[in-house]
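Visitor: no FASTA, just this:
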């Protein structure tokens with residue numbers, strides 16, 4: 001693997017790490033019902049570009065981290081077709097964080113876009 005490929009993968013990983021929490025809070029903030037991990041992953045896969053920005057393997061640690069920080073809460077419910085599922089929903093603290101993080105994202109995007117122009 002070339003140095004450029006390695007650096008590109010590192011850049012993508014770091015960029016994704018900073019946006020994953022925002023995206024997950026936003027998805028759960030718009031949902032009228034709690035959602036389970038695979039359901040969220042499929043929704044993201046369908047809404048995103050051809051290259052998945054968030055792999056399923058990275059989704060669950062972010063969900064757990066958001067829950068550990070009281071931005072999400074979860075419940076485990078039995079599933080008729082397999083193992084029990086953990087359903088996540090956004091908390092009031094999560095909604096407050098989402099408002100703040102969206103504003104930070106908008107400012108960051110504006111700054112980056114302004115400095116990437118030609």
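Guide: Ah, there it is. All values derive from a computational prediction rather than experimental measurement.
Visitor: Please enumerate the helices of this structure.
Guide: Under the criterion DSSP state H, helices of the chain are mapped to 3-30, 37-47, 56-68, 92-116.
Visitor: Dump these to CSV, plus mean pLDDT.
Guide: Supplementary listing: the helices of the chain in CSV, determined by pLDDT from 0 to 100:
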stretch, mean pLDDT
helix 3-30, 90
helix 37-47, 89
helix 56-68, 91
helix 92-116, 96
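Visitor: Which one, of the ones you listed, ends up nearest to residue 79?
Guide: In this view, those are compared for proximity to residue 79 by Cβ to Cβ, and helix 37-47 is the closest at 10.4 Å. All C-beta atoms are positioned from the backbone trio N, CA, C, and that covers glycine.
Visitor: which other helices and strands contact the closest one?
Guide: Helix 37-47 sits against helix 3-30, helix 56-68, strand 82-90, with contacts defined as 3 or more Cβ pairs under 8 Å, 6 or more residues apart in numbering; DSSP states H and E.
Visitor: tilt between the second one and helix 92-116?
Guide: Between the axis of helix 56-68 and that of helix 92-116 there is an angle of 130 degrees, by axes from the mean of the first three to the mean of the last three Cα atoms, to 10 degrees.
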